[in-house]
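>>> Can you look at this prediction? I've put the sequence above it.
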Amino acid sequence: MSLIVLLFAKIPEAQLTKAQLAETKRFKFQDFFEKSALPISAMMFVMGFAFSSVLTFSNAYAIEINMESAFSIFFIVYAGFLLASRPFAGKLLDSKGDNIVIYPALILFAVGLVSLSQSYTSFILLFAAGLIGIGFGNLISSFQAVVVNKSPRHRIGLATSTFFIAMDAGVGVGPIVIGAILPALGYRNMYLTMAIVIVAMIVVYYLVHGRKVSGDVEVAVR
């Protein structure tokens, strides 16, 4: 579907200055990573790290708590809530600014992890899937929008690359680190710990970007 849409998309050709063209012919750190994208990308690393606990260990957790049948549709519920919420989240982000989506998404992701840790019934397990879908799923698109908006126009590709490298690194490193501490914590405490990590990221987000959003929105409106 994306390929079909791309055939009809009108993408303006980027007009680069001589200095910008010169940047494409050298090999330095900033030629592979966009500096302006690093703060939010670092946060996305942590989000991916926390989400890896769901991707990697939730199946074993469901077996331990005897909820294999409910877990068989866990990611279907996750995807359904994400698909239903993302169009509304996107419109809110565009019209009201980043904070109105990102703060609730962080909170819902944390609450989803807490609910997952306290899953004693199938309903709670699937409720957690929905919350994580809305929370983590919309964080990906919202953080990516922040990264793109903060980067110079001719470095948007690098900014997007930096963002996804960080997220994939978090998802990749997470199972190794979490797997090492899992025997000491157990599944329920592990998910509670990940929820605490996400709550801490609310403060980090405020310091890194959230407190600056009002000014950014006013400039955009003008």
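Nice, thanks for sending it over. Here the structure is a predicted model, which means the values were calculated and not measured.

>>> which residues does Phe136 contact?
If a contact means Cβ atoms under 8 Å, 6 or more residues apart in numbering, then Phe136 has Met47, Ala50, Phe51, Ala105, Phe109, Gly112 as its contacts. Where you see a C-beta, it was placed from the backbone N, CA and C, and this is true even at glycine.

>>> nearest to Gly210, of those residues?
Distance to Gly210, by Cβ to Cβ, is smallest for Ala105 among those, at 12.1 Å.

>>> which element is that closest one on?
Taking DSSP states H and E as the definition, Ala105 sits inside helix 99-117.

>>> what pLDDT, on average, does that helix get?
Averaging pLDDT along helix 99-117 yields 96.

>>> does Val148 really touch Ser161, like I thought?
No: taking contacts as Cβ atoms under 8 Å, Val148 lies outside contact range of Ser161: 11.4 Å.

>>> Please compute how far the helix or strand hosting Val5 lies from its chain's middle.
Assigning secondary structure by DSSP H and E places Val5 in helix 2-8. Its chain's C-alpha centre and that of helix 2-8 lie 25 Å apart, by Cα atoms, centre = their mean, to the nearest Å.

>>> And the average pLDDT for that helix is what?
The model assigns helix 2-8 a mean pLDDT of 89.

>>> CA atoms only for it - export them in PDB, please.
Extracted C-alpha coordinates of helix 2-8, given in PDB (Å, rounded to 0.1, in the frame of the first residue of the first chain):
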ATOM      1  CA  SER A   2       2.900   2.400   0.800                       C
ATOM      2  CA  LEU A   3       4.400   1.800  -2.600                       C
ATOM      3  CA  ILE A   4       1.100   2.500  -4.300                       C
ATOM      4  CA  VAL A   5       0.700   5.800  -2.400                       C
ATOM      5  CA  LEU A   6       4.300   6.800  -3.100                       C
ATOM      6  CA  LEU A   7       3.500   6.700  -6.900                       C
ATOM      7  CA  PHE A   8       1.000   9.500  -6.500                       C
END
